[in-house]
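> structure of the sequence below:
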Amino acid sequence: MAFIFGILGFLGGILCAIGDVLFDYKSKLNEKLGRDKLIERDWADMAKWRFKLSIGLATIGVPLFALGLMSLAMQLAENNSLFATIFWLISLVGITGGTFIHIMLCCFPIIYKTMLAKGCTFDQIEATLSDLYHAVKIPFFSLYFCLVIVPSIAVSYAIVVNYLALPNWTISLMPVSLMVIGGLLRVVKQDWFANFPGIIMPSLGMGLLGLLAAIHAL
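Residues are numbered from 1 along each chain as shown. Here you go, the predicted model:
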């Protein structure tokens, strides 16, 4: 069961990564607009179906990659049940917000495009999105921390102390590790790495947690 859950977790991460491409792939000329830099210039030219399909993929993908985290928790429990329980409970909090996080990221451009089509001014659109952002930012970042940061740290620790019999280099496959790699690539060569691989790194990392769980279960 742990192996199957791990594979499903990997597939879930891939679905979410595809969803990330749909809502976050933009041209090299894109720039952030407004006082809070919440608006992307390319949104005006991006089709709404991309954001709607992205939401659908995340709705399927998040529960699937949750199974990957469950697989890890099941296997961690074999060596340290308390650590596994804490890991799973915090991950579960993050998982409950996983779809919410993705939907919010897709709702911003949908709202922007709808208000723009209705003739709203840029200031009106920005004020609306700013109010929405400030209303959700605390739960948004709290849930993101529980979903991405905590599992990365916990699994890395589990590998180091041998709760999981995986080589230390697999720590580089954690979601946070991949995010850092993606960010560094953008700094080194913005023109080449403006979109890839950075935009898919968090979801890919969540999927790879499932793949590592499947490998460990063999």
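> any idea how far Ala44 is from Met115?
11 Å (CB to CB, to the nearest Å). No exception for glycine: its C-beta is placed from N, CA and C like everyone else's.
> neighbour count winner among those two?
Met115 (17 against 12; other CB atoms under 10 Å).
> so the more buried one makes contact with Asp123?
No. Using CB atoms under 8 Å as the test, Met115 is too far from Asp123 to be in contact (11.0 Å).
> tell me which stretches of this structure form helices.
2-24, 48-76, 81-117, 122-144, 150-160, 175-188, 190-193, 201-217 (DSSP state H).
> what's the fifth one packed up against?
Helix 150-160 sits against helix 48-76, helix 81-117, helix 175-188, helix 201-217, with contacts defined as 3 or more CB pairs under 8 Å, 6 or more residues apart in numbering; DSSP states H and E.
> pretty sure Ile18 contacts Leu57?
Yes. At 5.7 Å, Ile18 counts as touching Leu57 under the criterion of CB under 8 Å.
> neighbour count for these two, which is higher?
Taking other CB under 10 Å, Ile18 and Leu57 do not tie; Leu57 has more neighbours (22 against 16).
> now do the contacts for that one.
When contacts are counted by CB atoms under 8 Å, 6 or more residues apart in numbering, Leu57 touches Leu15, Cys16, Ile18, Gly19, Leu22.
> now do 6 Å
Residues in contact with Leu57 (CB atoms under 6 Å, 6 or more residues apart in numbering) are Leu15, Ile18, Gly19.
> can you tell me which of those residues is nearest Val136?
Distance to Val136, by CB to CB, is smallest for Gly19 among the contacts of Leu57, at 18.8 Å.
> what count of nearby residues applies to the closest one?
So Gly19, with other CB under 10 Å, has 27 neighbours.
> please apply the same query to the one 5 residues further on.
Residues contacting Asp24 under the criterion other CB under 10 Å number 19.
> swap in Val136?
Quick note: Val136 (other CB under 10 Å) scores 15 neighbours.
> ok so, going back, most tightly packed of the helices of the chain?
helix 201-217 (a mean of 24; mean count of other CB atoms under 10 Å).
> with only the CA atoms kept, save that helix in PDB.
Backbone C-alpha positions of helix 201-217 (Å, rounded to 0.1, in the frame of the first residue of the first chain) are rendered in PDB as follows:
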ATOM      1  CA  MET A 201       9.600  23.300  -8.700                       C
ATOM      2  CA  PRO A 202       7.300  23.200  -5.600                       C
ATOM      3  CA  SER A 203       4.800  20.800  -7.200                       C
ATOM      4  CA  LEU A 204       7.500  18.700  -8.700                       C
ATOM      5  CA  GLY A 205       9.100  18.500  -5.300                       C
ATOM      6  CA  MET A 206       5.800  17.400  -3.700                       C
ATOM      7  CA  GLY A 207       5.500  14.700  -6.400                       C
ATOM      8  CA  LEU A 208       9.100  13.500  -5.800                       C
ATOM      9  CA  LEU A 209       8.300  13.100  -2.100                       C
ATOM     10  CA  GLY A 210       5.800  10.500  -3.300                       C
ATOM     11  CA  LEU A 211       8.400   8.900  -5.600                       C
ATOM     12  CA  LEU A 212      10.900   8.700  -2.800                       C
ATOM     13  CA  ALA A 213       8.200   7.100  -0.600                       C
ATOM     14  CA  ALA A 214       7.500   4.500  -3.300                       C
ATOM     15  CA  ILE A 215      11.200   3.700  -3.700                       C
ATOM     16  CA  HIS A 216      11.700   3.400   0.000                       C
ATOM     17  CA  ALA A 217       8.700   1.000   0.200                       C
END
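> thanks a lot, see you next time.
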